[in-house]
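Visitor: model this:
(2 chains)
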Amino acid sequence: MNVTVSFLGEDGPSLMSLEDMAMFRAIPTATIFYPSDGVSIEKAVELAASTKGVCYIRTSRPENSVIYSSNEDFHVGQAKVVYQSTEDKVTVVGAGITLHEAMAAADMLKKERIFIRVIDPFTIKPLDSKTIIENARQTRGRILTVEDHYYEGGLGEAVCSAVVNEQGFTLQRLAVAHVPRSGKPNELLKIYGIDREAICQAVRKMLSGSANAK
Amino acid sequence: MEDYHKPDQQTLQALRNIANRLRVNSIKATTAAGSGHPTSCCSVAEIMSVLFFNTMKYRPEDPRNINSDRFVLSKGHAAPVLYAVWAETGYLKESELINLRKVDSILEGHPVPKQQFVDVATGSLGQGLGAACGMAYTGKYFDKASYNVYCLLGDGEMSEGSVWEAMSFASHYKLDNLVAILDINRLGQSDPAPLQHHVEKYQKRCEAFGWNAVIVDGHSVEELIKALSQARHQPTAIIAKTIKGKGIPAAEDKMGWHGKPLPKDMAESVMKDIQARITNNTKRLYPATPIEDAQPVSLRNVSMPSAPSYKLGEKIATRKAYGMALAKLGRYNEHVVGLDGDTKNSTFSELFKNEHPERYVECYIAEQNMVSIAVGCAARDRNVVFASTFATFFTRAYDQVRMAAISDSNINLCGSHCGVSIGEDGPSQMGLEDIAMFRAIPTATIFYPSDGVSTEKAVELAANTKGVCFIRTSRPENTVLYNSNEEFHVGQAKVVYKTSDDHVTVIGAGVTLHEALAAAEILKKERINIRVIDPFTIKPLDSKSIVEHAKATRGRIIIVEDHYYEGGLGEAVCSAVVNETGFNVHRMAVAHVPRSGKPTELLKIFGIDRDAIAQAVRKMLSSSTNAK
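Guide: I've put the predicted structure just below:
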């Protein structure tokens, strides 16, 4: 159990874990689960119980809607695509609170006829690089990662390392840039640029950057 | 200490009134915020009143005054009562208190140093006493001044081992200028604390750790005053038996109220009742002024008196160069302080100790406490602090390092024995995740010097760089690469091997930089040229340089590090170049938990030695040719 910027944000930085993914990723035998809803949390607990090595489950406090049906199958190292269409322009990878923000962003962008594919990695380590790369290829190599964690050593860097040698890929990372402060959870997500608006904005920027490049 | 003169009734009543005002303001603020810990504040109301309006000598209008008594709220969640007491002094406006936890107020959920009256951020429990020990040690042995240090702890946090590390340290160093007040309110967050209200058990434990321990009724201003004015020849623990939620009838001594603000109507009726107990007492209390015997300290421009004295080609381990550099820095800068965790003959901080024994503090095998002591010694800019141990042992102090960053502390940490290259001692002693750890600290600068000259420069730069600085040193001896007049800067990489026609850029550091140089010699014979880069600092990384040189080598980069794959140099470079087109990045690192063996054997087994580098270069070039 741990808390991030999005948790009782009012408690402030001393209670926020923003470096835990970096910490556990550097443990050789670790498996890191970052489930984003009630169903996947339960699956994570079950998997962790039967997975050797140090297993770490990163959970959030705010209530979030259930995304998966109860018969969904989960595996270590297997990501899920939670939002897609045939016209997706950017692949957005989020987890926990930022997965929900990404889905909200997808709804907002749809109104502007911009379509994004949203991926839930489920486990940060091992990361399902194959799925991420496959989906990114379908969105012209455009990937946006967004995490409630510092930039260093987390989901964004894990994806970076996985795709660094893919040609024609563009990767943007959204994360918490410095020691945060007390505030309401949604205020903090906004201030630290990892909320649905920031995601929308990053997607628009990425697409206009592509358009300019052409 | 002065003789105890029992204060008059008016004074006692004034203190009780203040305590009740603190209760009212804590309840009001947390209810307005919709979150916070009113019951944790209510148990310490009398303690705070007595400390701030009777015991402590300080300047309320100048909270960072160097002569003032220091106060550390180790139970940081009682922040509202801290803010309330500073409003009582007039330093804070009372109207600001209800902005607690709002995004535009400095009154955050837990104390942070943007508040002038806070020296070290708290909120992560068990760390305040260690910082207080650092401040007390500084007061007694460095500043040789009269100020005292007071630390308020909760009973829940006394389960943290770090508290007992600090208790040991304080009595060992006879910190008679240190007082810990223990708020024994019986209840933790989700359960009672293990010793509940058995104050006599706390007393036995404190005495066993060499402290003077006095039990008091924590709600009696008289008993508190008397206990706090006793003469002291050792650190003192005031064991205050209190009631969590005192003043809130529905919550007094009851589980289930931790971290719960009172609902609005309940708050109003409770505050009304408490107000009714505040008498019309016209006596105003003012804190006593401090004795002014601390010298002003300036930490600007802490520099080496001369250039490094190493010769090119000379052999020296960077861990030894660190010790020599620290001793040299201390020679001309009297405020440099060295700490170590009983590894001084391995980290070579003993060279500093031998030359400046009065500026060296042995912290023994208690790394969490050592980091807290460092933060305490660095508070109010009294010292430039360097603390060392094996790199991997800083992992046990990660929370303290994290909180040091939140405290805006300028401590410098040196971790030796990085990587598999330490050899036979095996994985428990090898630093293989320390770069990842420090990269995720927001205010950190990470130096990874590869020779004697750059190590000395790193020490000098660290002393002058704000934030948490980490210097990673190695055990094996390596040749000096740089001239003694070479200039070094944070975030500036160096090219240590190049030709005008290089095929691959290889980035290494420490041991692997030297392996890369050896690989360059091997490959030269095969008419393959590599450019070798020394990043010098991993954070910030000189991305500009790296990208430039990679472009000159057709986008081909190999990174080789004595560290795990995750979070280290390789990932840092990846993040810097991921959006460059036409780049080909290959990372070499330690892939799993290593084992004992000779350093050269291990470098080979884990694929980060000169032969592995040469092979990786050949492979990269052959696949390029194939690609064509």
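Visitor: Any idea how many residues pack against residue 35?
Guide: No chain specified, so I'll use chain A. Neighbour count of residue A:35, defined by other C-beta atoms under 10 Å in any protein chain shown: 26. C-beta: built from backbone N, CA, C; applies to glycine.
Visitor: To clarify, I was referring to chain B.
Guide: Neighbourhood size, residue B:35 [other C-beta under 10 Å]: 18.
Visitor: Give me the secondary structure label for it.
Guide: coil (DSSP: H, G, I helix; E, B strand; the rest coil).
Visitor: quick one: contacts for residue 77?
Guide: No chain was given, so I picked chain A. The neighbourhood of residue A:77, defined by C-beta atoms under 8 Å, 6 or more residues apart in numbering or on different chains, consists of A:123, A:126, A:127, A:128.
Visitor: my question was about chain B
Guide: Counting by C-beta under 8 Å, 6+ apart, residue B:77 makes contact with B:36, B:37, B:40, B:109, B:110, B:123, B:259.
Visitor: The third one and residue B:82 touch, don't they?
Guide: In other words, residue B:40. No - assessed by C-beta atoms under 8 Å, residue B:40 is found out of contact with residue B:82, at 11.2 Å.
Visitor: returning to what we had before: close to chain A as well: tell me which of the contacts of residue B:77 qualify.
Guide: With C-beta under 8 Å from any C-beta of the partner chain as the criterion, the members of the contacts of residue B:77 in contact with chain A are B:36, B:109, B:110, B:123.
Visitor: which residue does chain A bring closest to chain B?
Guide: residue A:14 (2.8 Å; C-beta to the nearest C-beta).
Visitor: Tell me how far that residue lies from residue B:125.
Guide: As judged by C-beta to C-beta, to the nearest Å, residue A:14 and residue B:125 stand 9 Å apart.
Visitor: neighbour count winner among these two?
Guide: Ranked by neighbour count (other C-beta under 10 Å), residue A:14 and residue B:125 place residue A:14 first, with 25 against 22.
Visitor: How about the more buried one, nearest residue that isn't a chain neighbour?
Guide: Spatially, and ignoring its direct neighbours in sequence, residue A:14 is nearest to residue B:123 (2.8 Å; C-beta to C-beta, 6 or more residues apart in numbering or on different chains).
Visitor: again, but for residue B:92
Guide: Nearest residue to residue B:92, sequence neighbours excluded (C-beta to C-beta, 6+ apart): residue B:86, at 4.6 Å.
Visitor: Buried residues of whichever strand or helix holds that neighbour, list them for me.
Guide: Element membership of residue B:86 [criterion: DSSP states H and E] is helix B:79-88. Across helix B:79-88, burial judged by 16 or more other C-beta atoms under 10 Å in any protein chain shown covers B:79, B:80, B:81, B:82, B:83, B:84, B:85, B:86, B:87, B:88.
Visitor: Any idea how far the helix or strand following that helix is from the middle of the chain?
Guide: The helix or strand immediately downstream of helix B:79-88 is helix B:128-137, counting by DSSP H and E. Centroid displacement of helix B:128-137 relative to its chain, using C-alpha atoms, centre = their mean, to the nearest Å, is 12 Å.
Visitor: hmm, the helix or strand that comes right after helix B:128-137 in reach of chain A?
Guide: Using DSSP H and E, the next helix or strand after helix B:128-137 towards the C-terminus is strand B:149-154. No - if you take C-beta under 8 Å from any C-beta as the test, strand B:149-154 misses chain A, and the best it gets is 14.3 Å.
Visitor: Could you pull up the residues touching the residue nearest to residue B:92?
Guide: Residues counted as contacts of residue B:86 (C-beta under 8 Å, 6+ apart) are B:60, B:63, B:92, B:117.
Visitor: residues near the first one, how many?
Guide: Counted with other C-beta under 10 Å, the neighbours of residue B:60 add up to 19.
Visitor: Which of the three states applies to it?
Guide: coil.
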